[in-house]
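Participant: sequence and predicted structure are below.
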Amino acid sequence: MNLSVADLASLEQVPTEENLNSQTLASFYEQYLCNKIFDYKVRHSVSHIKLHFKRTDLPHLLGIQYLKTGSHYKGRKGFNELQSGKLTLSMFKEANLGAYESGISRILFFPFIYSLVYEPTCIVFNPQIARSSINAEFMFYNQKCGRYIHLGLRKEESTDLYIPVTFI
């Protein structure tokens, strides 16, 4: 039984691969996160975060670049491929089993991003101190189903909005 878009917004348990598909993930992302501004005041900081999700960010947030290579799996084309069902979880598995096995949890935990943006714990993130290659200014995190999920944010160059740069 495939989960619906509404099911993904209210999950209490990690979905199985069989219950999740790329079309539902793309619709969930577009309906619940895109075209909205999530507004945060960060304690102990002068920062005010206005978070904005773009359709074109979904393939990167899901880690598709590690599962399937090619420019048509990134940005707008990647989102459209996910939304149309042309890009599927089984395609990722067939293309790169090793990367799929290490990256499928990122996809399965992705629906929890919805509750994360509504109830985040936020830290100021410094890649040099963390010895990380993640280029983020803030890191939202929360615990779901026994695991920590993280959403890295960085200020978009041309606006005063923050965008998601990584989901772990």
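Facilitator: Cool, got the structure. Numbers count the residues shown, from 1 in each chain.
Participant: and residue 97, how many neighbours does it have?
Facilitator: The local packing of residue 97 (other C-beta atoms under 10 Å) involves 11 other residues. Yep, even glycine has a C-beta here, placed from its N, CA and C like the rest.
Participant: and it, what pLDDT?
Facilitator: Looking at residue 97, its pLDDT is 71.
Participant: with residue 128 instead?
Facilitator: 68.
Participant: I'd guessed residue 59 sits against residue 65; true?
Facilitator: Yes. With contacts counted by C-beta atoms under 8 Å, residue 59 reaches residue 65, the gap being 7.2 Å.
Participant: between those two, which one's more packed in?
Facilitator: residue 59 (25 against 15).
Participant: and the longest helix along the chain, C-alpha only, in CSV?
Facilitator: For the chain, the helix with the greatest residue count under DSSP state H is helix 97-109. Provided in CSV are the C-alpha atoms of helix 97-109 (Å, rounded to 0.1, in the frame of the first residue of the first chain):
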residue,chain,number,x,y,z
LEU,A,97,23.3,-0.7,-5.3
GLY,A,98,26.1,0.3,-2.9
ALA,A,99,25.1,4.0,-2.9
TYR,A,100,21.5,3.0,-2.6
GLU,A,101,22.0,0.9,0.5
SER,A,102,23.9,3.7,2.2
GLY,A,103,21.5,6.5,1.0
ILE,A,104,18.0,4.9,1.2
SER,A,105,17.6,6.0,4.8
ARG,A,106,17.9,9.6,3.7
ILE,A,107,14.9,9.1,1.4
LEU,A,108,12.9,7.1,3.9
PHE,A,109,13.4,9.7,6.6
